[in-house]
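A.B. asks: Provided below for reference: sequence and predicted model.
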Amino acid sequence: MKFKQAKVLTTATLTLTVLFVSISIFPSTLAATSRMYLEPSNNVFTTDTAYLGMKFNVTVWCADIPMDILGAQITLWFNDSVVNVTRWWAPDWDFNFFMPAPVSVIPTPPNNVGYIHVGAGQGYVKVSVLKGGLPPVAPWGTNGTITILEFNITAVPTEQGKYTSSLQINNVDTYLKDTSNVDIPGVAKEDGYYEIKKSGPTYSLTISATSGGTTDPVPGIYMNESGTTVSVAAIPATYYLFTHWELNESDIGASNPVNITMDANYLLHAVFVYSTPEGSRIFVDPHEIIDPEAVPCQTNFNINISIDAMADVKTCEFNLTYNTDIISVIGLIFPSVNGQYPTLNLIVNDTAGFIWIKLAYSTAITVADPTPLAAIMFHVDSRGATPLNLTNTNLTNTYNNPIPHDVYHGYYNASISDVAVTNIMLSRTWVYQGWPVNITVTVKNKGNMTEAFNIHAYYNSHVIGTIAVTNLTSNEEKNVIFEWNTTGVAEGNYTIKAEAEPVLNEFNTSDNTLIDGDVWIMTHIHDIEITGVASGNWAYQGLTAYINVTAKNNGGFHETFNITAYCNTTLLGTVQVVNLAPGNYCEAQFSLNTSTLLPCHNYTIKGEATLVPYEYNETNNVLITSLKVRLLGDLNGDGRVDLDDVLTVSLAFGSYPGCPNWDPNADIYRDNKIDLADVLAVCLNFGNTC
């Protein structure tokens, strides 16, 4: 048999070897990532190499684009308090240029750069390069250079420090369009960076730590330029706590991480102390043994005395007490922990019903999970129940200090009289005064005797009723239903309680009472109304239209409900409104994909609010309006895309609300800006009618 196993192993090894060689001979090809990026991406200068008024160029490229390109728009944001864009080019003379002739460029290069100053330290330039002609036709654009931007350095630091600016093209206004005027997906837009710096002196930061932890960066000596802020984090080891930092031997508190500004040489020291793990406990495992089939004088059972989540345990001492009329000790085992057996002191008094144990370990033990220290075997002498109580527990560490811990007892039961209320279920959680509430109380016989007893139900301290339960067999559950007539009960919130009367020799009465659930009795109305449905009256076919539905809470309570919107019978979506205050309004926005709708047609738009519990007026939860669909590019809504529309969008290019040439009809994509996307939408649909 051993030879056969060896033969199989050899065959498997040879198979794996052949597979490995196959992989090395035929490597897989990794897919490239579509990207737009700046070259160079990092433009870093010092005052030794650059000066006020110096110019530098940045080229925008596209690479690994998987489809034909109709046009590109570059919107580059920068800090215009330190640099500015003075000129730009569409380098159609370069064999790397991405677009074959004819080409249209907006604005016209090189001098009109379309620079916009937004605010202090905020400016951007927006340029577009697209396939020319009406309508544009192949050949289309591919990978290559899109534009060259010339920057001018307008500020340099005169003291130690630096001026920086992101060169940000990763924004919604930078994109590539395919030949259908759709954004080419999955294009990574990689920002660039500009910096001009005046350097200063350097200082050392020496980081160290006590035992029980480390730091990030790790302890060592680090050189940093003057003015640099260094962040250092303290990382405690398991069962240790970080207490404070010492800077040049002075306590500076426990902020973590701490930030050190380098204006001199510093010594930074992290201080850690040992801490008892959370959840440290000693316990009887299992904590409950219920064995109604136990046979006196024949049945034995075992328990463990275990610890959990403890570190540096040198000694462990405890008493275990029990009822000697029910059980007696017949054996003890003390397993090894962390690879070592304890030194043992032991007293067993089976007449008095207690065991005293003290365990000492030559090397302190640490446990992260439940670990038995002692296993005890009992013999069942008679039917009945007994607690297994741990008392006088004392655990100490290497320094003979007590270890804080929780104690969990156990119990054994072979003959049980025990009933419990296990669940309360309410038919309503709030009602108007006088409405009935059904209260379903679930009771269970957890013992092994058939029981009869009474169940009482209460709201707050007031009795709702009493129902008798008879012949409840062992482990049987039964539902008892109380009907609460709330007539005459004052407005307010009431807590429901159910209680089972204890049976004879009840073993555990702690589960005879259950408090679960509240009922709010009220008199004020609940009413939600749809007050407005705004759709803009018209939308372009193929683009997303936005439907705004407004609801008002006419009632006297905070309300939670859903707002839904429909186009004809098609569901557009659902929005949940949470805790709308009385008298307040809320608005939900829905998107409508018009690509399947017919241009030059009207559609019914409906807004609806779901009924809240006890809705006062159901007739005002729905409101209807209409929406007309236009041809994409039909700016004036006359049912055709012609030269009038081309001229309208061209004259408004680059504008936004507030500009002298702003025309909202040319804002096809409703984004408060008129750019390449709007121009292409008109050009590609030139000549369409309906």
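C.D. replies: Arrived safely, thanks for sending.

A.B. asks: Need the residue closest to the centroid of the chain.
C.D. replies: Q576 (19.1 Å; Cα atoms, centre = their mean).

A.B. asks: So what's the residue count around the residue nearest to it when sequence neighbours are not counted?
C.D. replies: Sequence neighbours aside, N562 is the residue nearest to Q576 in space, at 5.5 Å (criterion: Cβ to Cβ, 6 or more residues apart in numbering). All C-beta spots, glycine's among them, are computed from the backbone N, C-alpha and C. N562 is flanked by 16 other residues according to other Cβ atoms under 10 Å.

A.B. asks: Same question for R630.
C.D. replies: 23.

A.B. asks: tell me the contacts of it?
C.D. replies: W538, A539, Y540, Q541, P599, C600, G637 (Cβ atoms under 8 Å, 6 or more residues apart in numbering).

A.B. asks: For the residue nearest to Q576, give its distance to D638.
C.D. replies: 40 Å (Cβ to Cβ, to the nearest Å).

A.B. asks: residue boundaries of the helices in the stretch 401-550 of the chain?
C.D. replies: Here the stretch 401-550 of the chain has no helices by DSSP state H, counting those that start in this stretch.

A.B. asks: Now do the strands in it.
C.D. replies: Ranges of strands within the stretch 401-550 of the chain are 406-408, 410-413, 419-426, 430-432, 436-445, 451-459, 462-472, 477-485, 492-500, 513-522, 528-534, 538-540, 544-553, based on DSSP state E, counting those that start in this stretch.

A.B. asks: out of these, nearest to A155?
C.D. replies: Closest of the strands of the stretch 401-550 of the chain to A155 is strand 544-553, at 42.2 Å (criterion: Cβ to Cβ).

A.B. asks: buried sites along the next helix-or-strand element following the closest one?
C.D. replies: Sequence-wise, the next helix or strand downstream of strand 544-553 (DSSP states H and E) is strand 559-567. For strand 559-567, the neighbour count (16 or more other Cβ atoms under 10 Å) marks E559, F561, N562, I563, T564, A565, Y566, C567 as buried.

A.B. asks: coming back round to it: mean pLDDT lowest where, among the strands of the stretch 401-550 of the chain?
C.D. replies: Least confident of the strands of the stretch 401-550 of the chain, judged by mean pLDDT, is strand 430-432 with a mean of 81.

A.B. asks: Parallel or antiparallel, list what pairs with that one.
C.D. replies: Here strand 430-432 has these sheet partners by DSSP bridges: strand 513-522 (parallel).

A.B. asks: So A681, which state does it fall into?
C.D. replies: helix (DSSP: H, G, I helix; E, B strand; the rest coil).

A.B. asks: I'd assumed N181 was in contact with it.
C.D. replies: Yes - shown here, A681 and N181 form a contact pair, counting by Cβ atoms under 8 Å, at 5.7 Å.

A.B. asks: Determine how far the helix or strand hosting E317 lies from the middle of the whole chain.
C.D. replies: Element membership for E317, per DSSP H and E: strand 310-321. Relative to its parent chain, strand 310-321 has a centroid offset of 41 Å by Cα atoms, centre = their mean, to the nearest Å.

A.B. asks: Show residues contacting the helix or strand that that strand is followed by.
C.D. replies: Counting by DSSP H and E, the element after strand 310-321 in chain order, helix or strand, is strand 327-333. For strand 327-333, the surrounding residues in contact (Cβ under 8 Å, 6+ apart) are 300, 346, 348, 350, 355, 374-381, 386, 412.

A.B. asks: So for stretch 642-662, what gets flagged as buried?
C.D. replies: D642, D645, V646, T648, V649, A652, F653, G654, S655, W662.

A.B. asks: could I get those residues as a markdown table with distance to D48?
C.D. replies: Below are these laid out as a markdown table (distance: Cβ to Cβ, whole Å):
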| residue | distance to D48 |
| --- | --- |
| D642 | 60 |
| D645 | 56 |
| V646 | 53 |
| T648 | 53 |
| V649 | 49 |
| A652 | 47 |
| F653 | 43 |
| G654 | 39 |
| S655 | 43 |
| W662 | 47 |
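
A.B. asks: wait, which of those residues is closest to L267?
C.D. replies: Closest to L267, out of all of the buried residues of stretch 642-662 and judged by Cβ to Cβ, is G654, at 58.0 Å.

A.B. asks: where does the closest one fall, helix, sheet strand or coil?
C.D. replies: Going by three-state DSSP: G654 is coil.

A.B. asks: quick one, phi psi at it?
C.D. replies: phi 80, psi 0 (degrees, to the nearest 10).

A.B. asks: What sits closest to it if chain neighbours are left out?
C.D. replies: G114 (6.0 Å).

A.B. asks: can you check Y175 too?
C.D. replies: Nearest one to Y175, counting by Cβ to Cβ, 6+ apart, is D183 at 5.0 Å.
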